[in-house]
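Visitor: For reference, the sequence and a predicted model appear below.
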Amino acid sequence: MSAFHIAAMYPQYFVSLTGFPGYLPDESESRMNALKPLCIYMHVGERDVEWLTPIQRQSELLDQKGLRVHFIQRRGKICADDSACQASFRICLPKSATH
């Protein structure tokens, strides 16, 4: 189980969601809509080859749906094995304040 899966099931217990790397395995409308109140950080290293494309694609999809999502690609890193990826957070503003 991933943090994205749990947060989509119980969004009332979360304010933010971070994957190092990670994404929502079930892209149903109900699961994506459940994440709308959350600030989502999707980290991936450029050397996380099996993660990079699906995470980037999903971050773009969530952004198009109006979710507050931050896609962070770490150059030369493998976020699955690197705690340095966990140091790059941004302030999460309401969607209307960022556009």
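Guide: Great, that's in hand.
Visitor: The residue nearest to L62 when sequence neighbours are not counted is in what secondary structure piece?
Guide: In this structure, L62 finds its nearest non-sequential neighbour in V69, 4.4 Å apart by Cβ to Cβ, 6 or more residues apart in numbering. C-beta: built from backbone N, CA, C; applies to glycine. For V69, the enclosing helix or strand under DSSP states H and E is strand 68-74.
Visitor: Can you give me the buried ones in that strand?
Guide: 68-74 (16 or more other Cβ atoms under 10 Å).
Visitor: repeat for stretch 48-64
Guide: 48, 51-52, 55, 58-59, 62-63.
Visitor: Make sure the residue nearest to L62 is actually in contact with K36.
Guide: No. The criterion here is Cβ atoms under 8 Å, and V69 misses it with K36 at 10.4 Å.
Visitor: Phi first, then psi, for the residue at minimal distance from the centre of the chain.
Guide: Closest to where the C-alpha atoms of the chain average out (Cα atoms, centre = their mean) is M42, at 3.1 Å. With angles defined as degrees, to the nearest 10, M42 sits at phi -120, psi 100.
Visitor: partners of the strand holding V69, with directions?
Guide: Partner strands for strand 68-74, per DSSP bridges, with pairing direction: strand 39-45 (parallel).
Visitor: Where does pLDDT dip in this protein?
Guide: Within the chain, the stretches with pLDDT under 70 are 1, 77-99.
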